[in-house]
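In: build me a model from this:
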Amino acid sequence: MAFKFNFLLSATLLIVVIAFTFCHVSAVNNDRKLLNSFPSNGDWQSIKDIDDPKVMDIAKFAVNVENSQLLVKLEFLSISDGRFKVDNNGITYELSILASEFEEPIELEVVVFENSKDNAKKVISVDDF
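Out: Reported below is the predicted structural model:
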């Protein structure tokens, strides 16, 4: 009886590990499809689909970080342009975004780095122009 229980427990655990690994690999592959190619030379590449949810997430993250550091409330509106470059540590995004402050539009240039190991994001700079 104990052998059968241990076997079922082990089999269930193995299935969970395989499913988790598949989901993780699938998510990584989706990110790579978004950027179309990962040049290893670190050259800037244009983002083909600036409306992609992954790119939108990066832009909204930058606005949220800026809001946490300022006394005003910026509202994310859209992305007008973007590019990225890949190095051994992760992906750096440079996005031109439109936000609003007290219903006045503001154009921002944001640079966000996303670590390839844990997908942690860090805002490098936010400049208005």
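
In: give the other helices and strands that whichever strand or helix holds residue 60 contacts.
Out: Secondary structure assignment for residue 60, by DSSP states H and E: helix 53-69. Packed against helix 53-69 by the contact rule (3 or more Cβ pairs under 8 Å, 6 or more residues apart in numbering; DSSP states H and E) you find helix 2-35, strand 74-86, strand 90-101, strand 104-115, strand 121-128. Any C-beta I mention is one placed from the backbone N, CA and C, and that applies to glycine too.

In: try it again at 6 Å.
Out: The contact analysis (3 or more Cβ pairs under 6 Å, 6 or more residues apart in numbering; DSSP states H and E) places helix 53-69 against strand 74-86, strand 90-101, strand 104-115, strand 121-128.

In: just give the closest residue to residue 63, not the sequence neighbours.
Out: Sequence neighbours aside, residue 76 is the residue nearest to residue 63 in space, at 4.4 Å (criterion: Cβ to Cβ, 6 or more residues apart in numbering).

In: that neighbour: what's it in contact with?
Out: Counting by Cβ atoms under 6 Å, 6 or more residues apart in numbering, residue 76 touches 60, 63, 99.

In: re earlier: quick check: angle from the helix holding residue 60 to strand 74-86?
Out: Orientation of helix 53-69 against strand 74-86 (axes from the mean of the first three to the mean of the last three Cα atoms, to 10 degrees) gives an angle of 120 degrees.

In: ok so, going back, please identify the most buried of the helices and strands packed on helix 53-69.
Out: Mean neighbour count (mean count of other Cβ atoms under 10 Å) peaks for strand 90-101 among the helices and strands packed on helix 53-69, with a mean of 19.
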